[in-house]
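Participant: Sequence and predicted structure are below.
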Amino acid sequence: MKKRVIYSAIQPSGMMTLGNYIGAVSNWRDIQADGANDCIFALADLHTITVRQDPEKLRRNSVSFLALLLAAGIDPKRSVLYVQSHVHEHAELCWLLNCYTYVGEMNRMTQFKDKSAKHSDNINMGLMDYPVLMAADILLYKSDQVPVGVDQMQHIEIARDIAERFNNIYGETFVVPEGRLTKTGAKIMSLQDPTSKMSKSDPNPNGVISVLDSADDIARKIKRSVTDSGLEIVFDPENKPGVSNLLTILASAEGKTVEEEVKAFEGKMYGHLKVACAEAVVEMLRPFREKYDAYMSDEAGLLAVAADGRERAQAIAAKTLADVKRKIGLLV
Ligand code: TRP
(Lines give C-alpha, C1' and ligand atoms only; values in the text may rest on other atoms or scores of the structure.)
Protein backbone atom coordinates (compact mmCIF):
# COMPACT_ATOMS: atom_id res chain seq x y z
CA MET A 1 0.00 0.00 0.00
CA LYS A 2 1.25 3.45 -0.88
CA LYS A 3 2.06 5.56 2.12
CA ARG A 4 0.82 9.09 2.62
CA VAL A 5 3.49 11.72 2.08
CA ILE A 6 3.55 14.26 4.90
CA TYR A 7 5.64 17.38 4.43
CA SER A 8 6.44 20.23 6.75
CA ALA A 9 9.20 22.73 7.42
CA ILE A 10 10.34 25.17 10.05
CA GLN A 11 12.48 28.26 9.73
CA PRO A 12 15.86 28.16 11.49
CA SER A 13 15.48 31.65 12.88
CA GLY A 14 15.62 33.00 16.39
CA MET A 15 14.60 30.51 19.01
CA MET A 16 12.38 27.47 19.04
CA THR A 17 9.53 28.50 21.31
CA LEU A 18 7.44 26.34 23.59
CA GLY A 19 4.65 27.10 21.11
CA ASN A 20 6.67 25.68 18.18
CA TYR A 21 7.51 22.64 20.27
CA ILE A 22 4.01 21.82 21.51
CA GLY A 23 2.08 23.12 18.50
CA ALA A 24 4.28 21.88 15.66
CA VAL A 25 7.33 19.76 16.28
CA SER A 26 5.94 17.31 18.84
CA ASN A 27 3.06 16.85 16.42
CA TRP A 28 5.54 15.90 13.71
CA ARG A 29 6.94 13.25 16.00
CA ASP A 30 3.45 11.74 16.46
CA ILE A 31 2.82 11.81 12.70
CA GLN A 32 6.18 10.12 12.15
CA ALA A 33 5.18 7.34 14.56
CA ASP A 34 2.25 6.38 12.31
CA GLY A 35 3.48 3.66 9.96
CA ALA A 36 1.09 4.81 7.21
CA ASN A 37 3.05 8.03 6.76
CA ASP A 38 6.20 8.87 4.83
CA CYS A 39 7.49 12.04 6.46
CA ILE A 40 9.71 14.73 5.01
CA PHE A 41 10.82 17.61 7.22
CA ALA A 42 12.94 20.58 6.19
CA LEU A 43 14.74 23.57 7.62
CA ALA A 44 13.32 26.37 5.48
CA ASP A 45 16.44 28.52 5.42
CA LEU A 46 15.63 30.09 2.05
CA HIS A 47 12.46 31.44 3.60
CA THR A 48 14.43 32.81 6.53
CA ILE A 49 16.54 35.11 4.35
CA THR A 50 13.46 37.02 3.18
CA VAL A 51 14.21 38.98 6.35
CA ARG A 52 17.80 40.20 6.70
CA GLN A 53 19.96 37.76 8.69
CA ASP A 54 23.40 37.97 10.22
CA PRO A 55 25.38 35.28 8.33
CA GLU A 56 27.14 33.82 11.36
CA LYS A 57 23.90 33.71 13.36
CA LEU A 58 22.01 32.08 10.52
CA ARG A 59 24.66 29.40 10.24
CA ARG A 60 24.61 28.75 13.98
CA ASN A 61 20.82 28.67 14.03
CA SER A 62 20.67 26.12 11.24
CA VAL A 63 22.98 23.76 13.12
CA SER A 64 21.05 24.38 16.33
CA PHE A 65 17.66 23.72 14.71
CA LEU A 66 18.91 20.40 13.35
CA ALA A 67 19.83 19.44 16.92
CA LEU A 68 16.48 20.74 18.21
CA LEU A 69 14.53 18.60 15.75
CA LEU A 70 16.55 15.50 16.54
CA ALA A 71 16.19 16.12 20.27
CA ALA A 72 12.44 16.50 19.80
CA GLY A 73 12.33 12.99 18.37
CA ILE A 74 12.52 13.46 14.61
CA ASP A 75 14.28 10.27 13.59
CA PRO A 76 16.35 10.66 10.41
CA LYS A 77 16.09 6.92 9.79
CA ARG A 78 12.30 7.04 9.67
CA SER A 79 11.86 10.51 8.15
CA VAL A 80 13.76 12.55 5.63
CA LEU A 81 15.28 15.52 7.43
CA TYR A 82 17.14 18.05 5.29
CA VAL A 83 18.05 21.69 4.69
CA GLN A 84 16.03 23.45 1.98
CA SER A 85 18.97 25.35 0.47
CA HIS A 86 20.88 22.06 0.03
CA VAL A 87 18.37 20.96 -2.59
CA HIS A 88 18.60 23.45 -5.45
CA GLU A 89 15.44 22.04 -7.02
CA HIS A 90 13.40 24.20 -4.61
CA ALA A 91 14.67 27.47 -6.02
CA GLU A 92 14.37 26.13 -9.54
CA LEU A 93 10.79 24.93 -9.23
CA CYS A 94 9.96 28.21 -7.51
CA TRP A 95 11.05 30.07 -10.64
CA LEU A 96 8.98 27.84 -12.89
CA LEU A 97 5.91 28.20 -10.67
CA ASN A 98 6.39 31.97 -10.61
CA CYS A 99 5.37 31.95 -14.23
CA TYR A 100 2.02 30.43 -13.21
CA THR A 101 1.33 32.74 -10.29
CA TYR A 102 -0.21 36.18 -10.45
CA VAL A 103 1.19 39.28 -8.81
CA GLY A 104 -2.31 40.14 -7.61
CA GLU A 105 -2.57 36.85 -5.72
CA MET A 106 0.69 37.46 -3.91
CA ASN A 107 -0.23 41.05 -3.11
CA ARG A 108 -3.29 39.86 -1.23
CA MET A 109 -1.49 37.42 1.06
CA THR A 110 -1.99 38.27 4.72
CA GLN A 111 1.52 37.36 5.82
CA PHE A 112 3.05 39.41 3.00
CA LYS A 113 1.02 42.44 4.03
CA ASP A 114 1.94 41.97 7.71
CA LYS A 115 5.64 41.47 7.02
CA SER A 116 5.76 44.39 4.58
CA ALA A 117 4.36 46.62 7.28
CA LYS A 118 6.84 45.28 9.82
CA HIS A 119 9.91 45.42 7.56
CA SER A 120 8.96 48.45 5.48
CA ASP A 121 12.65 49.18 4.79
CA ASN A 122 13.12 45.79 3.13
CA ILE A 123 10.09 44.73 1.12
CA ASN A 124 12.14 42.48 -1.15
CA MET A 125 10.93 40.23 -3.96
CA GLY A 126 11.66 37.17 -1.83
CA LEU A 127 9.16 38.32 0.74
CA MET A 128 6.51 38.58 -1.93
CA ASP A 129 7.54 35.27 -3.49
CA TYR A 130 7.57 33.43 -0.16
CA PRO A 131 4.31 31.56 -0.86
CA VAL A 132 5.52 30.33 -4.25
CA LEU A 133 8.71 28.94 -2.72
CA MET A 134 6.56 27.23 -0.13
CA ALA A 135 4.40 25.77 -2.90
CA ALA A 136 7.58 24.48 -4.57
CA ASP A 137 8.67 22.86 -1.27
CA ILE A 138 5.40 21.01 -0.96
CA LEU A 139 4.80 20.10 -4.60
CA LEU A 140 8.31 18.75 -5.27
CA TYR A 141 7.60 15.81 -2.98
CA LYS A 142 4.05 15.05 -4.15
CA SER A 143 2.97 15.73 -0.59
CA ASP A 144 -0.51 14.58 0.42
CA GLN A 145 -0.70 16.45 3.70
CA VAL A 146 1.03 19.46 5.18
CA PRO A 147 0.75 19.95 8.94
CA VAL A 148 0.80 23.68 9.69
CA GLY A 149 -0.68 26.22 12.07
CA VAL A 150 -3.68 28.34 11.11
CA ASP A 151 -1.46 31.25 10.11
CA GLN A 152 0.08 29.17 7.30
CA MET A 153 -3.22 27.85 5.89
CA GLN A 154 -3.49 30.63 3.31
CA HIS A 155 -0.14 29.49 1.92
CA ILE A 156 -1.44 25.94 1.56
CA GLU A 157 -4.46 27.28 -0.32
CA ILE A 158 -2.17 29.05 -2.78
CA ALA A 159 -0.07 25.90 -3.20
CA ARG A 160 -3.28 24.03 -4.05
CA ASP A 161 -4.33 26.71 -6.54
CA ILE A 162 -0.95 26.64 -8.26
CA ALA A 163 -0.94 22.83 -8.41
CA GLU A 164 -4.43 22.72 -9.88
CA ARG A 165 -3.65 25.46 -12.36
CA PHE A 166 -0.56 23.62 -13.58
CA ASN A 167 -2.38 20.27 -13.76
CA ASN A 168 -5.17 21.87 -15.79
CA ILE A 169 -2.72 23.16 -18.37
CA TYR A 170 -0.31 20.22 -18.60
CA GLY A 171 -2.19 17.21 -17.22
CA GLU A 172 -1.78 15.43 -13.87
CA THR A 173 1.62 16.49 -12.57
CA PHE A 174 1.29 17.58 -8.96
CA VAL A 175 -0.56 16.07 -6.06
CA VAL A 176 -2.92 18.73 -4.73
CA PRO A 177 -1.88 18.93 -1.07
CA GLU A 178 -4.16 19.16 1.92
CA GLY A 179 -3.43 21.37 4.88
CA ARG A 180 -3.56 19.51 8.16
CA LEU A 181 -4.22 21.81 11.07
CA THR A 182 -2.11 20.95 14.04
CA LYS A 183 -4.17 19.64 16.95
CA THR A 184 -6.78 22.14 18.00
CA GLY A 185 -6.15 23.48 21.44
CA ALA A 186 -2.45 23.17 20.84
CA LYS A 187 -2.06 26.80 19.92
CA ILE A 188 0.11 28.30 22.61
CA MET A 189 -0.38 31.97 23.41
CA SER A 190 1.93 34.62 24.83
CA LEU A 191 2.25 34.42 28.61
CA GLN A 192 1.98 38.20 28.83
CA ASP A 193 -0.75 38.73 26.27
CA PRO A 194 -2.72 35.48 26.03
CA THR A 195 -4.84 36.82 23.17
CA SER A 196 -1.88 36.72 20.78
CA LYS A 197 0.21 33.76 19.69
CA MET A 198 3.46 32.96 21.50
CA SER A 199 6.01 34.26 19.04
CA LYS A 200 9.78 34.44 18.90
CA SER A 201 9.43 38.06 17.88
CA ASP A 202 7.39 38.97 20.97
CA PRO A 203 8.79 42.32 22.15
CA ASN A 204 8.21 41.19 25.74
CA PRO A 205 10.69 38.38 26.53
CA ASN A 206 8.56 37.27 29.47
CA GLY A 207 5.74 36.34 27.13
CA VAL A 208 7.70 33.65 25.35
CA ILE A 209 9.52 30.54 26.52
CA SER A 210 12.42 29.19 24.50
CA VAL A 211 12.80 25.42 24.70
CA LEU A 212 16.40 26.17 25.68
CA ASP A 213 15.51 28.47 28.60
CA SER A 214 16.88 27.45 32.00
CA ALA A 215 14.53 25.75 34.46
CA ASP A 216 14.56 28.92 36.58
CA ASP A 217 13.60 31.15 33.68
CA ILE A 218 10.80 28.82 32.64
CA ALA A 219 9.36 28.69 36.15
CA ARG A 220 9.65 32.46 36.59
CA LYS A 221 7.93 33.26 33.30
CA ILE A 222 5.05 30.88 33.98
CA LYS A 223 4.58 32.09 37.55
CA ARG A 224 4.46 35.71 36.37
CA SER A 225 2.13 34.97 33.48
CA VAL A 226 -0.96 37.11 33.06
CA THR A 227 -4.12 35.42 34.30
CA ASP A 228 -7.69 36.56 34.27
CA SER A 229 -10.20 38.08 36.65
CA GLY A 230 -12.27 35.66 38.68
CA LEU A 231 -11.05 32.67 40.63
CA GLU A 232 -12.30 29.59 38.90
CA ILE A 233 -10.06 27.39 36.76
CA VAL A 234 -12.10 26.72 33.65
CA PHE A 235 -11.22 26.30 29.98
CA ASP A 236 -12.71 29.32 28.25
CA PRO A 237 -10.25 30.86 25.77
CA GLU A 238 -12.66 33.70 25.01
CA ASN A 239 -13.21 34.98 28.54
CA LYS A 240 -10.26 33.40 30.35
CA PRO A 241 -7.45 33.36 27.80
CA GLY A 242 -4.64 33.32 30.38
CA VAL A 243 -5.93 30.42 32.44
CA SER A 244 -6.94 28.52 29.31
CA ASN A 245 -3.45 28.94 27.89
CA LEU A 246 -1.89 27.53 31.06
CA LEU A 247 -4.32 24.59 30.95
CA THR A 248 -3.35 23.90 27.34
CA ILE A 249 0.36 24.03 28.14
CA LEU A 250 -0.05 21.82 31.21
CA ALA A 251 -2.17 19.25 29.37
CA SER A 252 0.34 19.08 26.49
CA ALA A 253 3.31 18.80 28.83
CA GLU A 254 1.69 15.98 30.81
CA GLY A 255 0.17 14.24 27.79
CA LYS A 256 -3.34 14.65 29.20
CA THR A 257 -6.48 16.30 27.93
CA VAL A 258 -7.54 19.78 28.96
CA GLU A 259 -10.72 18.29 30.46
CA GLU A 260 -8.66 16.05 32.73
CA GLU A 261 -6.67 19.05 33.91
CA VAL A 262 -9.78 21.12 34.57
CA LYS A 263 -11.14 18.31 36.71
CA ALA A 264 -7.89 17.96 38.63
CA PHE A 265 -7.94 21.69 39.45
CA GLU A 266 -11.51 21.93 40.65
CA GLY A 267 -11.61 24.12 43.72
CA LYS A 268 -7.94 25.08 43.43
CA MET A 269 -6.42 28.48 42.79
CA TYR A 270 -4.58 30.08 39.90
CA GLY A 271 -1.36 29.83 41.89
CA HIS A 272 -1.66 26.04 42.04
CA LEU A 273 -2.14 25.88 38.31
CA LYS A 274 0.94 28.01 37.70
CA VAL A 275 3.14 25.89 39.94
CA ALA A 276 1.96 22.66 38.31
CA CYS A 277 2.37 24.12 34.85
CA ALA A 278 5.90 25.35 35.56
CA GLU A 279 6.93 21.97 36.94
CA ALA A 280 5.44 20.06 34.04
CA VAL A 281 7.15 22.20 31.42
CA VAL A 282 10.50 22.01 33.21
CA GLU A 283 10.17 18.21 33.46
CA MET A 284 9.16 17.90 29.81
CA LEU A 285 12.10 19.96 28.62
CA ARG A 286 14.77 18.49 30.90
CA PRO A 287 15.44 15.31 28.89
CA PHE A 288 14.96 17.30 25.69
CA ARG A 289 17.68 19.71 26.75
CA GLU A 290 20.06 16.86 27.59
CA LYS A 291 19.60 15.32 24.15
CA TYR A 292 20.02 18.71 22.51
CA ASP A 293 23.34 19.30 24.28
CA ALA A 294 24.58 15.87 23.23
CA TYR A 295 23.72 16.52 19.57
CA MET A 296 25.29 19.98 19.69
CA SER A 297 28.57 18.56 20.96
CA ASP A 298 28.92 16.72 17.65
CA GLU A 299 28.48 19.22 14.84
CA ALA A 300 30.05 16.87 12.29
CA GLY A 301 27.39 14.30 13.19
CA LEU A 302 24.64 16.88 12.62
CA LEU A 303 26.07 17.86 9.25
CA ALA A 304 26.24 14.18 8.30
CA VAL A 305 22.52 13.80 9.10
CA ALA A 306 21.80 16.80 6.87
CA ALA A 307 23.97 15.41 4.07
CA ASP A 308 22.11 12.12 4.15
CA GLY A 309 18.77 13.94 4.15
CA ARG A 310 19.87 16.04 1.21
CA GLU A 311 20.59 12.98 -0.86
CA ARG A 312 17.25 11.37 -0.12
CA ALA A 313 15.29 14.58 -0.65
CA GLN A 314 17.08 15.40 -3.86
CA ALA A 315 16.39 11.97 -5.34
CA ILE A 316 12.67 12.73 -5.13
CA ALA A 317 12.83 16.42 -6.00
CA ALA A 318 14.97 15.94 -9.11
CA LYS A 319 12.39 13.58 -10.64
CA THR A 320 9.50 15.95 -10.11
CA LEU A 321 11.48 18.89 -11.47
CA ALA A 322 12.50 16.99 -14.63
CA ASP A 323 8.87 16.01 -15.22
CA VAL A 324 7.73 19.62 -14.84
CA LYS A 325 10.41 20.93 -17.20
CA ARG A 326 9.53 18.36 -19.82
CA LYS A 327 5.85 19.21 -19.62
CA ILE A 328 6.53 22.93 -20.00
CA GLY A 329 8.63 22.22 -23.07
CA LEU A 330 12.09 22.94 -21.72
CA LEU A 331 14.87 20.76 -23.06
CA VAL A 332 15.85 18.23 -20.41
N1 TRP B 1 6.37 29.16 6.19
C2 TRP B 1 6.43 28.12 7.20
C3 TRP B 1 6.46 28.78 8.58
O4 TRP B 1 7.07 29.81 8.73
C5 TRP B 1 7.64 27.24 7.03
C6 TRP B 1 7.60 26.49 5.74
C7 TRP B 1 8.40 26.71 4.65
C8 TRP B 1 6.73 25.43 5.43
N9 TRP B 1 8.09 25.81 3.67
C10 TRP B 1 7.08 25.02 4.10
C11 TRP B 1 5.71 24.76 6.13
C12 TRP B 1 6.39 23.99 3.48
C13 TRP B 1 5.04 23.73 5.50
C14 TRP B 1 5.38 23.34 4.16
O15 TRP B 1 5.92 28.23 9.50
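Facilitator: Okay, I see it. Residues are numbered from 1 along each chain as shown.
Participant: What residues does this structure have near the ligand?
Facilitator: 7-11, 44, 47, 134, 137-138, 146, 148, 152 (Cβ under 6 Å from any ligand atom). C-beta: built from backbone N, CA, C; applies to glycine.
Participant: Sort out for me which of those residues are in helices.
Facilitator: Counting by DSSP state H, the members of those that fall within helices are 47, 134, 137, 138.
Participant: For burial, what's the neighbour tally of the second one?
Facilitator: Meaning residue 134. 23 (other Cβ atoms under 10 Å).
Participant: from here on, count from 344
Facilitator: Yes, from this point I'll number from 344; that puts the last item at residue 477.
Participant: and the residue lying closest to it once chain neighbours are set aside, helix, strand or coil?
Facilitator: Closest residue to residue 477 apart from its sequence neighbours, by Cβ to Cβ, 6 or more residues apart in numbering: residue 498 at 5.0 Å. Following DSSP: H, G, I helix; E, B strand; the rest coil, we place residue 498 in the helix state.
Participant: right, and residue 498 touches residue 476 too?
Facilitator: No: proximity of residue 498 to residue 476 does not meet the contact threshold set by Cβ atoms under 8 Å, at 9.8 Å.
Participant: Please enumerate the shared neighbours of the two.
Facilitator: In terms of Cβ atoms under 8 Å, 6 or more residues apart in numbering, residue 498 and residue 476 are not both contacted by any residue.
Participant: which residues does the closest residue to the ligand within the stretch 494-643 of the chain contact?
Facilitator: Residue nearest to the ligand within the stretch 494-643 of the chain: residue 495 (5.1 Å; Cβ to the nearest ligand atom). Taking Cβ under 8 Å, 6+ apart, we find residue 495 in contact with residue 522.
Participant: Look at it and report its pLDDT.
Facilitator: pLDDT, residue 495: 93.
Participant: ok, back up a step: what's the neighbour count on the residue nearest to residue 477?
Facilitator: 24.
Participant: and what of residue 400?
Facilitator: Residue 400 - counted by other Cβ under 10 Å - has 13 other residues nearby.
Participant: what about it, distance to residue 392?
Facilitator: As for residue 400, its distance to residue 392 is 12 Å (criterion: Cβ to Cβ, to the nearest Å).
Participant: How about residue 660?
Facilitator: 20 Å.
Participant: again, but for residue 551
Facilitator: Distance, residue 551 to residue 392, using Cβ to Cβ: 23 Å.
Participant: Quick check: beta-bridge partners of residue 532?
Facilitator: Using DSSP bridges, the beta-bridge partners of residue 532 come out as residue 540.
Participant: Could you grab the helix/strand/coil label for the closest residue to residue 365 other than its chain neighbours?
Facilitator: Leaving out its chain neighbours, the residue that sits closest to residue 365 by Cβ to Cβ, 6+ apart is residue 595, at 4.5 Å. Three-state call for residue 595 (three-state DSSP): helix.
Participant: residues near residue 595, how many?
Facilitator: 24.
Participant: Residue 667: helix or strand, and which one exactly?
Facilitator: helix 642-671 (DSSP states H and E).
Participant: residues of that helix that come out buried?
Facilitator: 645, 648-649, 652-653, 655-657, 659-660, 663-664, 667, 670 (16 or more other Cβ atoms under 10 Å).
Participant: Poorly predicted segments of the stretch 544-675 of the chain, please.
Facilitator: Nowhere does the stretch 544-675 of the chain drop to pLDDT under 70.
Participant: Can you get me a residue count around the closest residue in space to residue 358 that isn't next to it in sequence?
Facilitator: Excluding the flanking residues, the one nearest residue 358 by Cβ to Cβ, 6+ apart is residue 553, at 4.0 Å. Neighbour count for residue 553, taken as other Cβ under 10 Å: 19.
Participant: now swap in residue 554 and tell me
Facilitator: Residue 554 has 23 nearby residues by other Cβ under 10 Å.
Participant: same question, the one 3 residues further on
Facilitator: Around residue 557 there are 12 other residues, counting by other Cβ under 10 Å.
Participant: do you know how far it is from residue 614?
Facilitator: 22 Å.
Participant: Same check on residue 381?
Facilitator: Distance from residue 381 to residue 614, by Cβ to Cβ: 46 Å.
Participant: Tell me which of the two has more neighbours.
Facilitator: residue 381 (20 against 10).
Participant: now the more buried one, which residues is it bridged with?
Facilitator: Going by DSSP bridges, residue 381 forms beta bridges with residue 348.
Participant: just the strands in the stretch 344-493 of the chain please.
Facilitator: In the stretch 344-493 of the chain, the strands defined using DSSP state E, counting those that start in this stretch lie at 347-353, 380-386, 423-426, 488-491.
Participant: just checking, what packs against the helix or strand hosting residue 621?
Facilitator: Residue 621 belongs to helix 613-639 when assigned by DSSP H and E. On a contact count with 3 or more Cβ pairs under 8 Å, 6 or more residues apart in numbering; DSSP states H and E, helix 613-639 meets helix 398-414, helix 558-566, helix 584-597, helix 642-671.
Participant: closest to residue 620 out of those helices?
Facilitator: Of all the helices and strands packed on helix 613-639, helix 584-597 sits nearest to residue 620, with 4.5 Å by Cβ to Cβ.
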